[in-house]
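**Q** Pasted the sequence and its predicted model underneath.
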Amino acid sequence: MQSLIHRHNLYDLVHRSAARYPEKIAVISPTSRLTYRKWEWAINNLAQFLFHQGFHKGDKIAVDSRNSAEYATLIFAAAQLGVILVPINFMLAAPEISYILSHAEVNGIISDREFTERIDTALTLLPDPTVLTGRLFVLIPKDETVGWEALPSLSSLASPPHLTDLPLDGPSGDDMAQILYTSGTESRPKGVMLTHNNLIHEYVSVVIDGGFAADDIVLHALPFYHSAQQHVFLGPYTYLGATHVITSMPRPDIILPLIAEERVTEFFAPPTVWISLLRSPLFDHYDLSSLTKGHYGAAIMPKEILLELSRRLPHTQFWNFYGQTEIAPLATVLKPHDQLRKLGSCGQAALNVETVLLDEHNQPVPCGEIGEICHRSPHIMPGYYRDPEKTQEAFQGG
């Protein structure tokens with residue numbers, strides 16, 4: 001009973017938002033519009049389905065998919081069951097996918113129908129291709145796929161749960177929630193282990209330093225397989241009980257109409273996508289006045305683009321988020337009032353982060369000198385999965 005009293009995992013964030021805002025719209029996608037009550041029902045029912053397919057706490061499921069309401073539902077269903085999610089970059093080739101499946105020791109795979117053939121090829125490269133037989137599921141069924149079973153549709157899941165036999169020992173904060181593979185500059189990707197506590201601490205930093213609010217309507221166009229869209233926007237905004245608008249591609253002809261039609265208040269993208277919006281002939285055809293918060297990352301926003309954005313989106317304030325997957329991934333924030341004043345900066349350390357520059361002896365460097373960026377934070381991963389040497393290298397300055 002004590003563990004239940006103190007439990008705080010990713011699923012609990014949905015559960016509490018559904019208790020606060022049961023009739024508020026939680027998820028909007030091309031095929032779905034769910035309240036928080038119905039979204040929690042869908043999450044519960046998907047967790048039940050996975051449990052009855054033989055998945056249990058500590059198992060690992062890889063997911064290869066574009067953004068969808070179904071993908072968002074899976075993220076929290078896995079968290080409820082204690083299954084560790086392994087998001088796959090859908091742009092990877094079969095040999096790279098095969099390496100991740102093998103290294104992560106996955107127990108099952110969930111994929112868009114679009115990517116099942118590539119997964120099938122990746123499976124043939126495994127030492128034992130039959131190890132996942134009967135453990136392959138299509139996230140959004142379109143037609144029968146040989147060797148793959150269809151998951152229940154989201155519409156069928158979004159009804160009061162009929163079964164309530166999930167194990168009571170759900171994941172604790174210190175249990176692993178996900179393994180996200182990141183290659184950096186090395187040939188083999190490393191599996192970043194992130195616990196529920198890592199992520200929830202990071203969500204708190206994001207909410208406070210990113211200006212997030214429960215009444216925001218947030219557009220998700222960048223892929224969920226990446227830690228930025230999933231863990232800087234989907235997770236924190238679910239924590240607050242905001243409304244998610246989900247689309248599968250970050251194209252101007254999709255993004256601009258959605259902002260206008262759904263009265264979106266927040267949008268995140270790298271500078272290249274913001275520039276594509278400005279250069280689109282559709283930009284001035286839509287009412288974008290609802291957009292009050294713009295976030296970007298992965299690169300510095302050029303001064304000329306910042307000035308153009310402030311002129312053409314006069315109601316929008318901008319934040320620059322910087323970090324890496326290993327810190328879940330927010331580390332520093334450049335806030336709106338510093339966008340031009342500190343042009344080129346990645347900002348200051350986020351709420352739950354301490355950031356310093358160290359020399360080769362792990363000593364702080366004097367102001368104005370070059371050093372290695374190092375962080376101390378409860379966001380930070382416990383290590384790389386099945387890679388103690390790389391883990392030691394990453395933490396040797398701690």
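**A** That came through, no problem.
**Q** least trustworthy helix or strand in this structure by mean pLDDT?
**A** Using mean pLDDT, DSSP states H and E, helix 2-6 stands out as the lowest-scoring helix or strand of the chain, at a mean of 72.
**Q** What's the first helix or strand after that one?
**A** Once the chain leaves helix 2-6, the next helix or strand it forms, by DSSP states H and E, is helix 10-20.
**Q** What strands line up against the very next helix or strand once past that following helix, and which way round?
**A** Next along the chain after helix 10-20, taking DSSP H and E as the criterion, comes strand 25-28. Pairing partners of strand 25-28, with direction, according to DSSP bridges: strand 33-35 (antiparallel), strand 243-246 (parallel).
**Q** which residues sit against the shortest one?
**A** By CB atoms under 8 Å, 6 or more residues apart in numbering, the surrounding residues in contact with strand 33-35 are 22-27, 42, 69, 154, 158. To be clear about C-beta, it is placed using only N, CA and C from the backbone, and glycine gets the same treatment.
**Q** if we go to 7 Å?
**A** By CB atoms under 7 Å, 6 or more residues apart in numbering, the residues outside strand 33-35 that reach it are 22-27, 42, 158.
**Q** Repeat that for stretch 110-128.
**A** When contacts are taken as CB under 7 Å, 6+ apart, the neighbours of stretch 110-128 outside the stretch itself are 61, 63-66, 74, 90, 94-95, 97-98, 101-102, 109, 129, 132, 137-142, 145, 148, 151.
**Q** so how far is it off the chain centroid?
**A** Computed by CA atoms, centre = their mean, to the nearest Å, the chain-centroid distance of stretch 110-128 equals 22 Å.
**Q** where are the low-confidence patches of the stretch 1-150 of the chain?
**A** The model of the stretch 1-150 of the chain has pLDDT under 70 over residues 1-3.
**Q** all strands of it, in order?
**A** Counting by DSSP state E, counting those that start in this stretch, one finds strands in the stretch 1-150 of the chain at the ranges 25-28, 33-35, 60-64, 84-87, 108-111, 136-138, 149-150.
**Q** Now do the SS call for G294.
**A** Three-state secondary structure (criterion: DSSP: H, G, I helix; E, B strand; the rest coil) places G294 in strand.
**Q** Could you give me the PyMOL syntax to select whichever of the contacts of stretch 110-128 are buried?
**A** To isolate the buried subset of the contacts of stretch 110-128 in PyMOL, counting by 16 or more other CB atoms under 10 Å, use the following:
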select buried, resi 61+63+64+65+66+74+90+94+97+98+101+109+132+137+138+139+140+141+145+148+151
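**Q** Sitting in helices, which of the contacts of stretch 110-128 do you find?
**A** Cross-referencing the contacts of stretch 110-128 with the helices (criterion: DSSP state H) gives 74, 94-95, 97-98, 101-102 as the overlap.
**Q** Show me which positions of the longest helix along the chain end up buried.
**A** In the chain, assigned by DSSP H, the helix with the most residues is helix 36-52. Neighbour counts over helix 36-52 (16+ other CB under 10 Å) mark 36-51 as buried.
**Q** Can you show me the CA trace of that helix as PDB?
**A** Only the C-alpha atoms of helix 36-52 are listed here, as PDB (Å, rounded to 0.1, in the frame of the first residue of the first chain):
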ATOM      1  CA  TYR A  36      -9.400  13.700 -21.000                       C
ATOM      2  CA  ARG A  37     -11.900  11.200 -19.500                       C
ATOM      3  CA  LYS A  38     -12.100   9.300 -22.800                       C
ATOM      4  CA  TRP A  39      -8.400   9.500 -23.400                       C
ATOM      5  CA  GLU A  40      -7.700   7.900 -20.000                       C
ATOM      6  CA  TRP A  41     -10.200   5.200 -20.900                       C
ATOM      7  CA  ALA A  42      -8.300   4.500 -24.100                       C
ATOM      8  CA  ILE A  43      -5.000   4.400 -22.300                       C
ATOM      9  CA  ASN A  44      -6.400   2.000 -19.700                       C
ATOM     10  CA  ASN A  45      -7.900  -0.300 -22.300                       C
ATOM     11  CA  LEU A  46      -4.700  -0.300 -24.400                       C
ATOM     12  CA  ALA A  47      -2.700  -1.200 -21.300                       C
ATOM     13  CA  GLN A  48      -5.200  -4.000 -20.600                       C
ATOM     14  CA  PHE A  49      -4.800  -5.200 -24.200                       C
ATOM     15  CA  LEU A  50      -1.000  -5.300 -24.000                       C
ATOM     16  CA  PHE A  51      -1.200  -7.100 -20.600                       C
ATOM     17  CA  HIS A  52      -3.400  -9.800 -22.100                       C
END
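**Q** I'd like to check what contacts stretch 13-26. Which residues are they?
**A** Counting by CB under 7 Å, 6+ apart, the neighbours of stretch 13-26 from elsewhere in the structure are 33-37, 39-40, 43, 76, 238-239, 241, 243-244.
**Q** do stretch 317-330 as well
**A** Contacts of stretch 317-330 with the rest of the structure, by CB under 7 Å, 6+ apart, involve 180, 182, 192, 194, 198-199, 202, 205-206, 210-211, 227-228, 231-232, 292-297, 301, 306, 309, 331-336, 339, 346-347, 350, 375, 377, 379-381, 394.
**Q** hmm, which of those are the buried ones?
**A** Among the contacts of stretch 317-330, those that count as buried by neighbour count (16+ other CB under 10 Å) are 180, 182, 192, 194, 198-199, 202, 205-206, 210-211, 227-228, 231-232, 293-297, 301, 306, 309, 331-335, 339, 346-347, 350, 375, 377, 379-381, 394.
**Q** Show me the residues you listed that map onto helices.
**A** Among those, the members falling in helices (DSSP H) are 198-199, 202, 205-206, 227-228, 306, 309, 394.
**Q** Now the two most distant members of the residues you listed.
**A** By the measure CB to CB, L309 and A394 form the most distant pair in those, at 35.4 Å.
**Q** one step back: with respect to P281, which of the ones in helices among the contacts of stretch 110-128 is nearest?
**A** In terms of CB to CB, no member of these lies closer to P281 than L74, at 36.4 Å.
**Q** and the gap between L256 and W274?
**A** To W274, L256 is 12 Å away according to CB to CB, to the nearest Å.
**Q** let me redo that: F90
**A** As for F90, its distance to W274 is 23 Å (criterion: CB to CB).
**Q** Span of stretch 255-274 from start to end?
**A** Stretch 255-274 has an end-to-end distance of 10 Å (CA to CA, to the nearest Å).
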